[in-house]
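1. Build me a model from this:
(one chain, ligands or ions: 2)
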Amino acid sequence: MTDGSPHPVSTPVRRAADIPPYDAARAEAAVRELLLAVGEDPEREGLRETPARVARAYREIFAGLRQEAEDVLTTTFDLGHEEMVLVKDIEVYSTCEHHLVPFHGVAHVGYIPNVDGRITGLSKLARLVEVYARRPQVQERMTTQIADSLVEILEPRGVLVVVQCEHLCMSMRGVRKPGSRTITSAVRGVMRDGATRAEAMSLILGK
Ligand SMILES: Nc1nc2c(ncn2[C@@H]2O[C@H](COP(=O)(O)OP(=O)(O)OP(=O)(O)O)[C@@H](O)[C@H]2O)c(=O)[nH]1
Ligand SMILES: [Zn+2]
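-> Residues are numbered from 1 along each chain as shown. Ligands and ions are numbered 1, 2, ... in the order given. Just a heads-up that it's a prediction; the model follows:
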């Protein structure tokens, strides 16, 4: 990303409560305009329902804008488990905020609970990824948000998030390099320690 990007990773993120309800009619009108702009006929048979379909699809694809990490990291248990918990290969579909085309791949989310051993349900880690993936995104910000929300809510001793994605904006257009993968990571607390980090990484890389 260029330094002059209008959407740097540090862009302040609006809270779900500050975002107006999804405007399906507006999305539909915009898709119709887009079809006209590219030279299509939105009235032809195959396209007649497309603006409404796309509006419904966008509601789903961007549903994370109206969710917060607190909404999904609800279930916590005090199991007294103080060792590393890692869920790997969580499938991710997100949308590049520069081109509004998908980027997709996997996320690996690990943490070391705090001394009380407070942990969350495993599925909640995958739900957390969804909250941040279902927004117009850049991969770096998504990775950071996943890590920081875990830190804030579970107060674990350490967190490691690794995301590996192919960006379709680099595959199907622009530089046209299909198959390249971008890897981002965010490491917090004791996961920064060499041995702990190495253990997490070997679990991620191991088959
Ligand atoms: N750092 C980062 N860059 C991204 C991400 N998604 C897309 N980009 C990049 O955002 C940049 C936008 O660059 P611009 O020069 O403004 O746009 P463009 O002319 O469409 O650029 P090209 O893709 O090179 O054709 C491109 O280099 C994309 O590869 C992401 O998640 N993280
Ligand atoms: Zn892009």
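
2. Okay, and the residue in the chain that ligand 2 sits nearest to sits in which element?
-> Among all residues of the chain, Cys169 sits closest to ligand 2, at 2.7 Å; criterion: Cβ to the ion. (Glycine included, C-beta is placed from N, CA and C.) Here Cys169 sits within helix 168-171, counting by DSSP states H and E.

3. Report the helix or strand with the lowest average pLDDT across this protein.
-> Here the helix or strand of the chain ranked lowest by mean pLDDT, DSSP states H and E is strand 76-78, holding a mean of 80.

4. So what's the residue count around Ser94?
-> Ser94: 26 surrounding residues under other Cβ atoms under 10 Å.

5. need the contact list for it.
-> When contacts are counted by Cβ atoms under 8 Å, 6 or more residues apart in numbering, Ser94 touches Pro102, Phe103, His104, Tyr132, Ala133, Arg134, Arg135, Gln137, Gln139, Met142, Cys165.

6. hey, what's it bridged with?
-> Per DSSP bridges, the residues bridged to Ser94 are Phe103.

7. Can you report how many residues lie near Glu152?
-> Number of residues near Glu152 (other Cβ under 10 Å) recorded here: 11.

8. I figured Tyr111 hits Glu155, correct?
-> No: assessed by Cβ atoms under 8 Å, Tyr111 is found out of contact with Glu155, at 10.1 Å.

9. who has more neighbours, those two?
-> Neighbours per residue (other Cβ under 10 Å) separate Tyr111 from Glu155, with Tyr111 holding more: 27 against 13.

10. Shouldn't that one be within a strand?
-> Yes: applying DSSP: H, G, I helix; E, B strand; the rest coil, one finds Tyr111 inside a strand.

11. Pick out the residue nearest the middle of this structure.
-> Central residue of the chain (Cα atoms, centre = their mean): Ala133, 2.3 Å from the mean position.

12. hang on, the residue of the chain closest to ligand 2 packs against Val101?
-> Yes: if you go by Cβ under 8 Å, Cys169 and Val101 touch, sitting 5.1 Å apart.

13. contacting residues for the residue nearest to the centre of the chain?
-> Going by Cβ under 8 Å, 6+ apart, Ala133 touches Gly64, Val92, Tyr93, Ser94, Met142.

14. Would you map out the domains in this structure?
-> With domains defined by automatic domain parsing, the chain comprises 23-61, 76-205.

15. Redo those as TSV? Include distance to Ala17.
-> Shown next, in TSV, are these (distance: least, Cβ to Cβ, whole Å):
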stretch	distance to Ala17
domain 23-61	17
domain 76-205	14
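
16. Distance to ligand 1 added to those domains, as TSV?
-> Compiled in TSV, the domains of the chain are given as follows (distance: least, Cβ to the nearest ligand atom, whole Å):
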stretch	distance to ligand 1
domain 23-61	16
domain 76-205	3
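
17. rank those by pLDDT, which is bottom?
-> Within the domains of the chain, confidence is poorest for domain 76-205, with a mean of 94 (mean pLDDT).

18. Okay, the residue lying closest to the residue of the chain closest to ligand 2 once chain neighbours are set aside and Pro156: tell me how far apart.
-> Closest residue to Cys169 apart from its sequence neighbours, by Cβ to Cβ, 6 or more residues apart in numbering: His99 at 4.1 Å. Going from His99 to Pro156 by Cβ to Cβ, to the nearest Å gives 35 Å.
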